[in-house]
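J.: Build the 3D model from these lines:
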Amino acid sequence: MERHEEIVELLRRIEANQRRALEAQEQQLAFAKSQLERSERVASESVALQKVAVDRQRRVGYFALPMIVALLALLAWLLVRWRVLF
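T.: Next comes the predicted model:
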């Protein structure tokens, strides 16, 4: 009978170890899910910021490019007027 009790005790320990392993796996899964959600949130925020930056760059370009062209034209006119160019 003692051998039977020893086997039962071993089976109980195995069961307890398996429960602990399952709990650890559940914790790891929960952690992995939270990391995935965080990663997705950060990626979406990054995309949103990039869209804002591209929009700002486009708006600045609409203003800056004509100003640069106008300033270059003015510089060329001044150089021609002062006979530095031609």
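
J.: contacts and neighbour counts: CA atoms only from here.
T.: Fine.

J.: what residues does stretch 78-86 touch?
T.: Here stretch 78-86 makes contact (C-alpha atoms under 8 Å, 6 or more residues apart in numbering) with Ala76.

J.: So which bits of it are buried?
T.: Residues of stretch 78-86 include none that count as buried (16 or more other C-alpha atoms under 10 Å).

J.: So which residues of the protein form helices?
T.: Counting by DSSP state H, the chain has helices at residues 2-81.

J.: So for it, the centremost residue is which one?
T.: Geometric centre of the chain, nearest residue: Ala43, 3.3 Å, by C-alpha atoms, centre = their mean.

J.: Return the distance of that residue relative to Phe31.
T.: Distance, Ala43 to Phe31, by C-alpha to C-alpha, to the nearest Å: 18 Å.

J.: cool, and Arg56?
T.: For Arg56, the distance to Phe31 (C-alpha to C-alpha) stands at 37 Å.

J.: coming back round to it: what pLDDT does the model give the residue nearest to the centre of the chain?
T.: According to the prediction, Ala43 has pLDDT 97.

J.: Repeat that for Phe86.
T.: For Phe86, the pLDDT comes out at 57.
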